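> Got a sequence here, can you build the structure:
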Amino acid sequence: MADISKLLDIMARLRAPGGCPWDREQSFATIAPYTVEEAYEVADAIERGDLARLRDELGDLLLQVVFHAQMASEQGTFDFADVVAAISDKLVRRHPHVFGETQIESAQAQTRAWERQKTAERNGALLDDVPRALPALRRAEKLTKRAATVGFDWPDAAAVRKKLDEEVAELDAELARVGAERDAARIEAELGDVLFVLANLARHLHVDSEAALQGANARFIRRFEYIERRLAEAGRPLESATLEEMDLLWDEAKRTQE
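Next up is the predicted model:
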């Protein structure tokens with residue numbers, strides 16, 4: 001097994017005087033977007049079933065952890081060993097059925113116990129630690145799932161569906177305004193409410209809203225590529241087709257691909 005100390009030493013050298021100018025000028029804030037990006041690349045490799053790429057992407061993600069730990073070490077706040085100790089302690093604490101005497105009979109029971117332990121450890125307001133950097137749909141699900149733990153929730157999916165109709169009606173009312181009465185900020189707010197309720201409808205239906213939207217994205221790509229391919233077979237550039245022609249090919253793609 002490779003020794004993590006080699007990677008830690010490399011990162012320290014890159015940040016040291018005489019190291020890499022780019023690495024030396026970075027901060028937690030400038031590195032954070034790369035950390036998020038690397039996590040998405042890990043997820044993409046998993047979705048594609050590319051294990052060789054997954055190995056490489058996990059290395060890139062590990063580098064992000066090491067980078068942040070090195071910067072913290074330079075400030076005297078914590079180091080990589082502290083990161084390892086913290087997650088090790090957390091895993092033991094949240095798995096008393098493995099490392100203690102507690103008996104848990106199923107994965108569902110473990111999930112409930114995990115959430116109870118997280119609640120006990122939480123400091124501050126209920127929603128404070130829901131990460132702001134999450135994709136908006138996923139954050140909407142997490143925010144309302146957290147609120148639901150104290151009873152602030154719709155009773156069932158049917159109630160959420162009714163709320164969706166209400167929010168769409170409010171959006172329609174804003175879209176019906178004309179001239180000076182039309183307010184882009186209000187339209188954005190009402191559209192946001194629609195998306196928020198949709199995320200919660202997905203939660204009540206036990207559907208991952210991000211996965212559902214990714215599936216829709218994939219279907220859009222397949223169908224649009226079908227349009228491009230059919231036009232190319234006819235010797236026509238995409239720009240030459242009318243909207244009606246593309247709509248017909250879109251419907252054809254739906255029939256042939258599903």
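
> would you list every one of the helices in the stretch 151-258 of the chain?
157-175, 184-204, 209-233, 243-257 (DSSP state H, counting those that start in this stretch).

> I would like the residues contacting the third one, please.
Contact partners of helix 209-233, identified using Cβ atoms under 8 Å, 6 or more residues apart in numbering, comprise 135, 137-138, 140-141, 198-199, 202-203, 237-238, 240-241, 246, 249-250, 252-254, 256-257. All C-beta spots, glycine's among them, are computed from the backbone N, C-alpha and C.

> relative to helix 243-257, how tilted is it?
For helix 209-233 against helix 243-257, the angle by axes from the mean of the first three to the mean of the last three Cα atoms, to 10 degrees is 110 degrees.

> what's the average pLDDT for helix 209-233?
Throughout helix 209-233, pLDDT has a mean value of 94.

> relative orientation of that helix and helix 184-204 in degrees?
Using the same axes, to 10 degrees: helix 209-233 against helix 184-204 is 110 degrees.

> Can you pull out the low-pLDDT segments for this protein?
1-2, 111-116, 119-120, 122, 258 (pLDDT under 70).

> Give me the domain ranges for it.
Following automatic domain parsing, one gets these domains for the chain: 4-78, 136-207, 212-257.

> that older thread, turn the helices of the stretch 151-258 of the chain into CSV, columns for mean neighbour count and distance to Arg13.
Below are the helices of the stretch 151-258 of the chain laid out as CSV (neighbours: other Cβ atoms under 10 Å; distance: least, Cβ to Cβ, whole Å):
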stretch, mean neighbour count, distance to Arg13
helix 157-175, 14, 54
helix 184-204, 17, 44
helix 209-233, 14, 38
helix 243-257, 13, 52
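
> Adding distance to Thr102, write the domains of the chain out as TSV.
Output for the domains of the chain, formatted as TSV (distance: least, Cβ to Cβ, whole Å):
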stretch	distance to Thr102
domain 4-78	30
domain 136-207	20
domain 212-257	35
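
> Of all those domains, which one is nearest Arg94?
Distance to Arg94, taken as Cβ to Cβ, is lowest for domain 136-207 among the domains of the chain, at 16.3 Å.

> Tell me how far that closest one lies from the chain's centre.
In terms of Cα atoms, centre = their mean, to the nearest Å, the centre of domain 136-207 is found 19 Å from the chain centre.

> Thr30 and Ala133: what is the separation?
Thr30 is 14 Å from Ala133, where distance means Cβ to Cβ, to the nearest Å.

> between the domains of the chain, which gets nearest to Gly124?
domain 136-207 (12.3 Å).

> State the three-state secondary structure for Val42.
helix (DSSP: H, G, I helix; E, B strand; the rest coil).

> give the contact list for the residue nearest the centre of the chain.
Nearest to the mean C-alpha position of the chain, counting by Cα atoms, centre = their mean, stands Pro135 at 4.3 Å. Neighbouring residues of Pro135 by Cβ under 8 Å, 6+ apart: Glu210.

> For it, give me phi and psi.
phi -50, psi 140 (degrees, to the nearest 10).

> Could you do the one 4 residues further on as well?
Here is the backbone geometry of Arg139 (degrees, to the nearest 10): phi -70, psi -40.

> Report the separation between it and Gly179.
35 Å.

> quick one, which of those two is more surrounded?
Shown here are Arg139 and Gly179; by other Cβ atoms under 10 Å, Arg139 has more neighbours (17 against 5).

> Nearest residue to that one in space, ignoring adjacent ones along the chain?
Val130 (6.3 Å; Cβ to Cβ, 6 or more residues apart in numbering).

> what's around that neighbour, how many residues?
Val130, neighbours per other Cβ under 10 Å, totals 17.

> So it is in contact with Leu143, correct?
Yes: between Val130 and Leu143 there is a contact under Cβ atoms under 8 Å: 5.5 Å.

> Please consider this matter closed, and thank you.
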